[in-house]
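# Sequence unavailable; structure follows:
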């Protein structure tokens, strides 16, 4: 079955450490996204990529970095510069150029930084 | 700028009763609207999307959404609620400017269906 795989499901880190969240898709979608979810705030866009080797900052990119070396993969690094990294992180993909194409989501990674 | 609002943090409904989860939007041009559902510690699942010209859109699991252009609303509905419908629901809008691939989400509405 096609889908998006995020790993790990739970991640624990000490403050000051960088951490990388994995996102892999086999839907053959060109566009991929990273969202952060906090209680009562909905989803906020961190980074998105419309095509391999290209990505753009979203609304809350500070303290995060991404790469897009392969169509299937869009890893997110949460750096020590991110002030409040504890959150639920969601990766998604879609078909670009089709305005009513829905997002497909992975099952998320819950990051806890202490 | 595109935006979407979900005015209710929580909606409670008795099992078997009809349910409505509200969403209003603000976009320039044609609206591209979506509803998603999220169960605890899971990603969002697509329920339905607005199709231009259809004021009533049918989706997964018996859900439907009513589009009202004059009220700029896209409310999610179901004729008879199930306890298993209890979850977090998100409305989303996508920009229509060429090259814009961002989806804007509401803050979510928690639906609680009481047995």
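Good, I have the coordinates. Bear in mind the structure is a predicted one, so any value in this text is a computation, not a measurement.
# so how far is residue B:5 from the residue nearest to residue B:22 when sequence neighbours are not counted?
Nearest residue to residue B:22, sequence neighbours excluded (C-beta to C-beta, 6 or more residues apart in numbering or on different chains): residue B:75, at 5.1 Å. In this view, the C-beta of every residue, glycine as well, is placed from N, C-alpha and C. Here residue B:75 is placed at a distance of 12 Å from residue B:5 (C-beta to C-beta, to the nearest Å).
# Mind listing the shared neighbours of the two?
Common contacts of residue B:75 and residue B:5 (C-beta atoms under 8 Å, 6 or more residues apart in numbering or on different chains): residue B:23.
# If you count surrounding residues, which of these two has more?
Using other C-beta atoms under 10 Å in any protein chain shown, the more surrounded residue of residue B:75 and residue B:5 is residue B:75, with 17 against 14.
# check contacts around the more buried one.
Here residue B:75 is in contact with B:20, B:21, B:22, B:23, B:65, B:66, B:68 (C-beta under 8 Å, 6+ apart).
# For chain B, what lies in contact range of chain A?
Taking C-beta under 8 Å from any C-beta of the partner chain as the contact definition, chain B meets chain A at B:9, B:30, B:32, B:34, B:36, B:41-46, B:49-51, B:90, B:92, B:94, B:96, B:101-103, B:105-108.
# So which of these belong to helices?
When these are checked against helices (DSSP state H), there are no matches.
# Using PyMOL, define a selection of the buried residues within these.
This is the PyMOL syntax for the buried subset of the residues of chain B next to chain A, where burial follows 16 or more other C-beta atoms under 10 Å in any protein chain shown:
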select buried, chain B and resi 32+34+36+42+43+44+45+46+49+50+90+92+94+101+103+105+106+107+108
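# just to revisit the earlier point, and the pLDDT for the residue nearest to residue B:22?
In the predicted model, residue B:75 carries a pLDDT score of 98.
# Quick check: it vs residue B:25, distance?
11 Å.
# What sits closest to the residue in chain B that chain A sits nearest to if chain neighbours are left out?
Residue nearest to chain A within chain B: residue B:43 (3.4 Å; C-beta to the nearest C-beta). With C-beta to C-beta, 6+ apart as the criterion, residue B:43 has its nearest non-adjacent residue at 3.4 Å, and that residue is residue A:105.
# Settle this for me: the one you found is touching residue A:89, isn't it.
No - using C-beta atoms under 8 Å, residue A:105 is not in contact with residue A:89; the gap is 11.0 Å.
# residues touching residue B:41, list them.
Residue B:41 neighbours (C-beta under 8 Å, 6+ apart): A:9, A:88, A:107, A:108, A:110.
# hang on, the fourth one packs against residue A:88?
Put plainly, it is residue A:108. Yes - counting by C-beta under 8 Å, residue A:88 is a contact partner of residue A:108 at 5.3 Å.
# Common neighbours of these two, please.
In contact with both residue A:108 and residue A:88: A:37, B:41, using C-beta under 8 Å, 6+ apart.
# Have a look at these two and say which one is more surrounded.
Higher neighbour count among residue A:108 and residue A:88: residue A:108, with 23 against 18, using other C-beta under 10 Å.
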